[in-house]
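# sequence unknown, structure follows:
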């Protein structure tokens, strides 16, 4: 079982609220990722990190921001949530160069009303 | 840019039959091709991966084949069982894009008893 945890699992929040989705892993992985998953299944990379103090934007433009102050922690923040941010958010981590297994959390299903 | 095409998007098979999912990728320098299975309410989980130095890999009822010349790879599931019903994702590691793992659009597999 993967040691990567996301909280909360489900979140319903009003428009304009600031939210932070938490992601923690206890495997000491260097690389961490955030994916946004459509209802239609597709996984879109929105942020990734090579290690502490490293953050990069992914393929899909996102209004969210991330930070990597500690190896094990990679939170995602939305300063002002909108209904268009409603989606499933998946966090993942892996070793080194990315050519090894990526372990995924169970996801956070965010609904903005 | 980095692109992974996956077909079909849905696949319905009778229990005991085989299922085949195909993917093509755009970066000829890619050397790592994992397959993930996502069950309802869970994050994706690695089921098998293949590297560019081999053409085929098997693990019990699942196998993956890779054709580097044609830039395509396939997942084969034999003797399908109801528990194989899930969404399957192929992925390719794009070295030119900083070792980013890019996923295909997913295949929803339904195994009918």
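Yes, it's here. Everything quoted here is computed from the prediction, not taken from an experiment.

# doesn't residue B:82 make contact with residue B:109?
No - assessed by C-beta atoms under 8 Å, residue B:109 is found out of contact with residue B:82, at 10.7 Å. Quick note: C-beta positions are derived from backbone N, CA and C, even for glycine.

# and those two? which has more neighbours close in?
When residue B:109 and residue B:82 are compared on other C-beta atoms under 10 Å in any protein chain shown, the one with more neighbours turns out to be residue B:109, at 21 against 10.

# excluding its backbone neighbours, what's nearest the more buried one?
Spatial nearest neighbour of residue B:109, excluding adjacent residues (C-beta to C-beta, 6 or more residues apart in numbering or on different chains): residue B:11 at 4.9 Å.

# and chain B, which of its residues are near chain A?
Contact residues (C-beta under 8 Å from any C-beta of the partner chain) of chain B with chain A: B:1-2, B:9, B:31-32, B:34, B:36, B:41-46, B:49, B:51, B:87, B:89, B:93, B:98-103, B:105-106, B:108.

# give me that answer again for 10 Å
Residues of chain B lying near chain A by C-beta under 10 Å from any C-beta of the partner chain: B:1-3, B:6, B:9-10, B:30-34, B:36, B:38, B:41-46, B:49, B:51, B:87-89, B:91, B:93-95, B:97-108.

# which residue, other than its chain neighbours, is closest to the spatially most central residue of chain B?
Compute the mean C-alpha point of chain B, and by C-alpha atoms, centre = their mean the closest residue is residue B:90, 3.5 Å away. Leaving aside its chain neighbours, residue B:90 sits nearest to residue B:23 (3.8 Å; criterion: C-beta to C-beta, 6+ apart).

# by proximity to chain A, which residue of chain B wins?
Residue of chain B nearest chain A, by C-beta to the nearest C-beta: residue B:43 (3.1 Å).

# for the most centrally placed residue in chain A, pull up the helix or strand it's in.
In chain A, the centroid-proximal residue (C-alpha atoms, centre = their mean) is residue A:34; its distance is 3.2 Å. Using DSSP states H and E, residue A:34 falls within strand A:31-37.

# can you tell me which residues contact the closest residue to residue A:73 other than its chain neighbours?
Residue nearest to residue A:73 in three dimensions, not counting chain neighbours: residue A:24, with 5.3 Å by C-beta to C-beta, 6+ apart. Counting by C-beta atoms under 10 Å, 6 or more residues apart in numbering or on different chains, residue A:24 touches A:3-7, A:32, A:70, A:72-75, A:91, A:93, A:105.

# mind checking pLDDT for residue A:23?
For residue A:23, the pLDDT comes out at 98.

# checking the residue nearest to the centre of chain B next. Helix, strand or coil?
strand (DSSP: H, G, I helix; E, B strand; the rest coil).

# wait, it sits on residue B:33?
Yes - counting by C-beta atoms under 10 Å, residue B:90 does reach residue B:33; the two are 6.9 Å apart.
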